[in-house]
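Peer 1: Build me a model from this:
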Amino acid sequence: MIQKGLKRYVIAVAVVIFLAMVDASVSLPFIVLHGLSCDCSSGSGDANFTDLLTRLSDSPGSCLEIGNGKDDSWSMPLTKQVEIACEKVKKMEELGQGYNIVGRSQGNLVARGLIEFCDDGPPVHNYISLAGPHAGIASVPYCDLIVDVCSEINDIIKKYLNIYSDYVQDHVAPAGYIKNLEDIKNYLHGSKYLPKLNNEKPDQRNSTYKDRFTSLQNLVLVMFELDVVIVPKESSWFGFDSDGDSNQSLPVQQTKLYTEDWIGLKTLDDAGKVKFVTVPGEHIRMAEPDIIKYVVPYLKDQPSSVQIINRKTMELLHP
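Peer 2: Reported below is the predicted structural model:
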């Protein structure tokens, strides 16, 4: 009986050792971050989109709501939105070993805030950006949807013509990423979100933001050919810069953000980790075949042996 028990024990140990040597797969969860005038309520477009991605990828997904959905997407400054999102992801136990992000429109700036600003947050592996205003937009979009806060937002925009005033910056979320190329001085001085996110201020560049951004395994930047919401649409590829006399786009590789590598975009690109994707259609209207081709592969199972970096100590972790 002792010999049989010992034999079983040896076999069990051998099995454990064998399994430990084999690369198992783990299904990383993902979150979806919605854009302006959107929310995560049941039956909404973003909730349905999250369900679709879960079904297509077989990975668990959550639509992450911030505050009061549609209203706060307009009236809550992005700095505050990121603070709330950061605390939420840190409390989601299922994200502890890392997660992927799918951002939609303005939600991409919250996504990047999670990557760059969220101290002690779980690591982000793959980040898929759908129509993100990463390099800014030329003007504040007019709030014309059926949202309670719309009339108030439009009154603020009309009353306070200086988009970089403290009041507008603190009460109109899109004001945080408006870039007037003919007034870069006031943009850098008054804009409270995008210059920090993009490490644009020469005397305030933070290497931690760059280190965290370059820790991504994959960055997928999707631009929509008929997008008239993100203006210029090339901002979805970071293609918007102050080298010029008017609000016009530059190819991303010609922007200072890229050539001087302020946030590590060039580093990621040189490593083959950036995918610049163009799809037909209007703003965030993505056909299912394109979703399957450009989004789903980055949400599927990932090898458990992948290296994960502790963003506080910059040491390697193991799942």
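
Peer 1: Helices along the protein, start to end?
Peer 2: With DSSP state H, the ranges of helices along the chain come out as 2-21, 45-57, 69-75, 78-91, 107-117, 150-159, 166-171, 184-190, 194-197, 207-213, 256-259, 265-270, 288-294.

Peer 1: so what secondary structure elements neighbour the fourth one?
Peer 2: This points to helix 78-91. If contacts are counted by 3 or more C-beta pairs under 8 Å, 6 or more residues apart in numbering; DSSP states H and E, helix 78-91 sits against helix 107-117. Just so you know, the C-beta spots here come from the backbone N, C-alpha and C atoms, and that holds for glycine as well.

Peer 1: angle of the helix it packs on against helix 45-57?
Peer 2: Our comparison of helix 107-117 with helix 45-57, counting by axes from the mean of the first three to the mean of the last three C-alpha atoms, to 10 degrees, yields an angle of 70 degrees.

Peer 1: Output helix 107-117 in CSV with nothing but the alpha carbons.
Peer 2: In CSV, the C-alpha atoms belonging to helix 107-117 read as follows (Å, rounded to 0.1, in the frame of the first residue of the first chain):
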residue,chain,number,x,y,z
GLY,A,107,-12.9,56.9,-24.6
ASN,A,108,-9.4,56.4,-26.1
LEU,A,109,-8.1,59.4,-24.2
VAL,A,110,-9.4,57.8,-21.0
ALA,A,111,-7.8,54.5,-22.1
ARG,A,112,-4.4,56.2,-22.6
GLY,A,113,-4.8,57.9,-19.2
LEU,A,114,-5.2,54.5,-17.7
ILE,A,115,-2.0,53.3,-19.4
GLU,A,116,0.1,56.4,-18.6
PHE,A,117,-1.3,57.8,-15.4
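
Peer 1: Need the residue closest to the centroid of this structure.
Peer 2: Here the mean C-alpha position of the chain is nearest to the C-alpha of residue 111 (C-alpha atoms, centre = their mean), at a distance of 2.8 Å.

Peer 1: Show me what the nearest residue to that residue once chain neighbours are set aside is bridged to.
Peer 2: Once flanking residues are discounted, residue 111 sits nearest to residue 103: 3.8 Å by C-beta to C-beta, 6 or more residues apart in numbering. Beta-bridge partners recorded for residue 103 (DSSP bridges): residue 33, residue 129.

Peer 1: which residues does residue 103 contact?
Peer 2: The contact partners of residue 103, by C-beta atoms under 8 Å, 6 or more residues apart in numbering, come to 32-33, 109-112, 127-130, 132.

Peer 1: per-stretch mean pLDDT over the helices of the chain, give me the minimum one.
Peer 2: When those are ranked by mean pLDDT, helix 2-21 comes last with a mean of 49.

Peer 1: What pLDDT does the model give the residue nearest to residue 111?
Peer 2: The model reports residue 103 with a pLDDT of 98.

Peer 1: Same check on residue 271?
Peer 2: Model confidence at residue 271 (pLDDT) stands at 98.

Peer 1: Could you do residue 251 as well?
Peer 2: Looking at residue 251, its pLDDT stands at 87.

Peer 1: now it: how far from residue 300?
Peer 2: Counting by C-beta to C-beta, to the nearest Å, the gap from residue 251 to residue 300 is 31 Å.

Peer 1: out of these two, which sits in the busier spot?
Peer 2: Shown here are residue 251 and residue 300; by other C-beta atoms under 10 Å, residue 300 has more neighbours (15 against 12).

Peer 1: shouldn't residue 108 be in contact with residue 135?
Peer 2: No: at 11.3 Å, residue 108 and residue 135 do not qualify as touching, with contact defined as C-beta atoms under 8 Å.

Peer 1: Residue 43: which of the contacts of residue 103 is nearest?
Peer 2: Using C-beta to C-beta, residue 32 comes nearest to residue 43 of the contacts of residue 103, at 14.8 Å.

Peer 1: wait, the closest one sits on residue 60?
Peer 2: No: Residue 32 lies out of contact with residue 60 (C-beta under 8 Å); the separation is 11.8 Å.
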